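**Student:** Model the following, please.
(2 chains)
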Amino acid sequence: GIQVEQSPPDLILQEGANSTLRCNFSDSVNNLQWFHQNPWGQLINLFYIPSGTKQNGRLSATTVATERYSLLYISSSQTTDSGVYFCAVEYRGGTSYGKLTFGQGTILTVHP
Amino acid sequence: DTGVSQDPRHKITKRGQNVTFRCDPISEHNRLYWYRQTLGQGPEFLTYFQNEAQLEKSRLLSDRFSAERPKGSFSTLEIQRTEQGDSAMYLCASSLVDNEQFFGPGTRLTVL
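**Tutor:** The predicted model follows:
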């Protein structure tokens, strides 16, 4: 199956700093999503971005499908940005349609 | 705006008991997915439905697990003869075909 690797595994920032999270995947994908998981376990949709660049406030994401990676940028980080960030992909090949394969996540801690 | 809902939010049971979880997807979504997440890991795919048809099951879904979506709306996931290894967060998601998945708040299962 497809492999999804996220880096770094852990990231500690001071409030106001910028950061970049990376997601590498091993094969062609139909879809790619970024999520933020809050302390209660809820997965919050950040971006649906199989290719290209999108921005939403302080967050932006870029997926370069031909090179099999995606980047999530967080600017001017706030303590409320803390949590786990997941990248998830839908593999294009075989007979597996629709299911998401998740990376291991990046644990972000923002200190005041 | 009615998102994906799951019930119960928490379930504590004794080993060997049967449990059933319910998921209500976003109303116009025809795809419904079940995932399982253990501590420190990303969610893992269990099964998915398109309308009432169960189209794929993961090898993680042993014969003690069964899922249904009888009228193409809500879905249930039943675990028979629970084991301590079944303790996890069970997540439900829904989507339109070939589109962004939205997750519910999850059901946290603890097997004593």
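**Student:** Please make it C-alpha for all contacts and neighbour counts, starting now.
**Tutor:** Will do.
**Student:** Can you list the helices and strands that the lowest-mean-pLDDT helix or strand in chain B packs against?
**Tutor:** Scoring the helices and strands of chain B by mean pLDDT, DSSP states H and E places strand B:53-57 at the bottom, with a mean of 90. With contacts defined as 3 or more C-alpha pairs under 8 Å, 6 or more residues apart in numbering or on different chains; DSSP states H and E, the packing partners of strand B:53-57 are strand B:44-50.
**Student:** Mind listing the residues bridging to A:V84?
**Tutor:** Beta-bridge partners recorded for A:V84 (DSSP bridges): A:Q37, A:I107.
**Student:** any idea of the pLDDT on it?
**Tutor:** Looking at A:V84, its pLDDT reads 98.
**Student:** Relative to the whole chain's centre, how far out is stretch B:79-91?
**Tutor:** With C-alpha atoms, centre = their mean, to the nearest Å as the basis, stretch B:79-91 stands 11 Å off its chain's centre.
**Student:** Between the two ends of it, what distance do you get?
**Tutor:** Terminal residues of stretch B:79-91 are spaced 14 Å apart (C-alpha to C-alpha, to the nearest Å).
**Student:** Just the angle for the least confident helix or strand of chain B relative to strand B:44-50, thanks.
**Tutor:** Here strand B:53-57 runs at 160 degrees with respect to strand B:44-50, directions being taken by axes from the mean of the first three to the mean of the last three C-alpha atoms, to 10 degrees.
**Student:** So which bits of strand B:53-57 are buried?
**Tutor:** Buried positions in strand B:53-57, judged by neighbour count with 16 or more other C-alpha atoms under 10 Å in any protein chain shown: B:54, B:56-57.
**Student:** Pipe those residues into TSV and attach distance to A:N45 per row.
**Tutor:** As requested, the buried residues of strand B:53-57 are arranged in TSV below (distance: C-alpha to C-alpha, whole Å):
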residue	distance to A:N45
B:Q54	25
B:E56	24
B:K57	24
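**Student:** of these, closest to chain A?
**Tutor:** Closest approach between those and chain A, by C-alpha to the nearest C-alpha: B:E56, at 7.7 Å.
**Student:** Against B:Q80, how distant is that closest one?
**Tutor:** Per C-alpha to C-alpha, B:E56 is found 20 Å from B:Q80.
**Student:** Quick check: next helix or strand after the least confident helix or strand of chain B?
**Tutor:** The first helix or strand that comes after strand B:53-57 along the chain, using DSSP states H and E, is strand B:65-68.
**Student:** by contact count, what packs against the helix or strand following that following strand?
**Tutor:** Helices and strands here follow DSSP H and E; after strand B:65-68, the next one along the chain is strand B:75-79. When contacts are defined as 3+ C-alpha pairs under 8 Å, 6+ apart, strand B:75-79 packs onto strand B:19-24, strand B:65-68.
**Student:** distance between strand B:75-79 and the chain's centre?
**Tutor:** Mean-position distance between strand B:75-79 and its chain equals 7 Å (C-alpha atoms, centre = their mean).
**Student:** partners of that strand, with directions?
**Tutor:** Using DSSP bridges, strand B:75-79 pairs in its sheet with strand B:19-24 (antiparallel), strand B:65-68 (antiparallel).
**Student:** A:T109 is nearest to which of those?
**Tutor:** strand B:19-24 (31.3 Å; C-alpha to C-alpha).
**Student:** can you list contacts of the closest one?
**Tutor:** For strand B:19-24, contacts defined as C-alpha atoms under 8 Å, 6 or more residues apart in numbering or on different chains pick out B:4-8, B:13, B:73-80, B:82, B:92, B:104, B:107.
**Student:** Alright, I will stop here.
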